[in-house]
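Chemist: With the input below, show me the fold.
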Amino acid sequence: MGQLAKRVHYSKGYLSKIENDLKLPHETLARLCDGVLNAGGGLIDAARAARDQAVERAADAGLALDRRQVLVAGTVLGMALAGGSRPAPDERVVAGMRTSFEHLRALGTQTSPVVILEPLVALLRTVHALAHENPEPMRARLLLLAARVAEYTGWMNQEAGDEQRALSWTRHASELARAGGDREIVSYAFVREAGLALYRQDATATIELAEQAQRVDRASPRTRALAARREAQGHALAGDRGSFDRAMDRAARLFDESGPDTRAYPVLGSTAPDPAELARGWSLCDLGRTAESAAVLDRELIRLPAASRRSRARFGARRSLALAFAGEIDQSCATLARTLDDAAHVDSATVRTDLRELSRTLGRWHNHGAVREVYPQLRRVIQQRY
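Modeler: Have a look, this model is predicted:
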């Protein structure tokens, strides 16, 4: 017990309470113990089963506890614009609307999603209305651009913490893509839904949705690579190292096979130099390989452009979390100080998920000098609301 306590950086007394059923094992500790003991996800499953049983006992006692998160797709409002018909757009108009979207997407890498959600929806309505009014082939081109804007609107809603709207916009993007004759976003929509499941800590749904994305006909190697990457993250969440390694190898191979995207609407997914390696660093933390996770993320974060503040905040928070789990408290706090400025600017609900976990972890070292120095700013970022 003492040796295990040293390796997972929790006290022997705390582990003893879990062993004797005086405390429930939480997700983080189960994941760390599973990785240290090479349990292949068995301890993660056991911890979830113990928590489920506790919820069932509480429900039987008459407590109003809800064990499930139910996703209800919101109704997508009609996109017709007032004012009658407009002249048919030419190539310069379409290029201008695409440029407007690219500018909004660039802004989204550096600031809060609430800043760009309203102009994104306004642009989407305009593009969709023009598609409705014009014949082929202009109709299909506009529908595909609308689909891409809808997909990104879903992502920004997720970053704003609104999972229901994120799911609704993601599914609407899939419908628009089908109407435009392209199944690329149809596949990627499953990748996005798998991402929502990942942040709910639902390993099974993450894997199933990512596998479904890889089965969509005519999806490009790049989109299948993004799906395989998401599948690997689901396997890591389940503690399955073998399946994680196989899915990551498949993702890396597909990324190598994918060429530049020259289609008429903007590229889907991550624009990071090596999205597979970033995902590997992320998932090694879930597998309990915390020092290795921090090393991979440290290497990959250097490659991210300074303007990619959202990605830098997301993976920077994950690096600091991995270091804290590994017991490297001084280094965790030092890297966190550089990450919090990015996190404050991008106002991301998904980043705050990891920052809250980091806050709980560092709280166990509340008398440590580096923790006392960084903790006030960490709490401000967690609690901020635009």
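Chemist: mind checking which helix or strand V186 is in?
Modeler: helix 184-199 (DSSP states H and E).
Chemist: Please work out which residues outside the next helix or strand after that helix touch it.
Modeler: Proceeding N to C from helix 184-199, the next assigned helix or strand is helix 203-214, under DSSP H and E. Contacts with helix 203-214, where a contact means Cβ atoms under 8 Å, 6 or more residues apart in numbering, come from 187-191, 193-195, 197-198, 219, 223-224, 226-228, 230-231, 233-235, 237-238. Where C-beta positions appear, they are placed from N, C-alpha and C, glycine not excepted.
Chemist: Extract the C-alpha set from the strand or helix carrying R299 and format it as PDB.
Modeler: Using DSSP H and E, R299 sits within helix 290-301. This file holds the C-alpha atoms of helix 290-301, laid out as PDB (Å, rounded to 0.1, in the frame of the first residue of the first chain):
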ATOM      1  CA  THR A 290       1.700  10.700 -16.800                       C
ATOM      2  CA  ALA A 291       5.400  11.400 -17.200                       C
ATOM      3  CA  GLU A 292       5.400  10.200 -20.800                       C
ATOM      4  CA  SER A 293       2.200  12.300 -21.400                       C
ATOM      5  CA  ALA A 294       3.900  15.400 -20.100                       C
ATOM      6  CA  ALA A 295       7.000  14.800 -22.300                       C
ATOM      7  CA  VAL A 296       5.000  14.400 -25.500                       C
ATOM      8  CA  LEU A 297       2.800  17.400 -24.800                       C
ATOM      9  CA  ASP A 298       5.800  19.500 -23.900                       C
ATOM     10  CA  ARG A 299       7.400  18.700 -27.200                       C
ATOM     11  CA  GLU A 300       4.300  19.300 -29.300                       C
ATOM     12  CA  LEU A 301       3.200  22.500 -27.600                       C
END
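Chemist: Show me what it is in contact with.
Modeler: Residues contacting helix 290-301 (Cβ under 8 Å, 6+ apart): 32, 35, 272-274, 277-278, 280-285, 312, 315-316, 318-319, 322-323, 325-326, 328, 331, 335.
Chemist: Now that helix: buried residues?
Modeler: If you call a residue buried by 16 or more other Cβ atoms under 10 Å, then helix 290-301 has these buried ones: T290, E292, S293, A294, A295, V296, L297, D298, E300, L301.
Chemist: what's the answer for stretch 32-45, then?
Modeler: Buried positions in stretch 32-45, judged by neighbour count with 16+ other Cβ under 10 Å: L32, C33, D34, G35, V36, A39, G40, G41, L43, I44, D45.
Chemist: How about the fourth one, nearest residue that isn't a chain neighbour?
Modeler: Read it as G35. Nearest residue to G35 in three dimensions, chain neighbours excluded: G288, at 1.4 Å (Cβ to Cβ, 6 or more residues apart in numbering).
Chemist: Tell me how far the residue nearest to the spatial centre of the chain lies from D202.
Modeler: Centroid-nearest residue in the chain: G195, 5.0 Å away (criterion: Cα atoms, centre = their mean). Note on G195: its distance to D202, by Cβ to Cβ, to the nearest Å, is 11 Å.
Chemist: Downstream of the helix or strand bottoming out on mean pLDDT in the chain, the next helix or strand is which one?
Modeler: Scoring the helices and strands of the chain by mean pLDDT, DSSP states H and E places helix 42-60 at the bottom, with a mean of 76. Elements were assigned by DSSP H and E; along the chain past helix 42-60, the next helix or strand is helix 91-108.
Chemist: Heading C-terminal from that following helix, find the next helix or strand.
Modeler: Helix 91-108 is succeeded, C-terminally, by helix 113-133 (DSSP H and E).
Chemist: what is the orientation angle of that following helix with helix 91-108?
Modeler: Between the axes of helix 113-133 and helix 91-108, defined by axes from the mean of the first three to the mean of the last three Cα atoms, to 10 degrees, the angle is 160 degrees.
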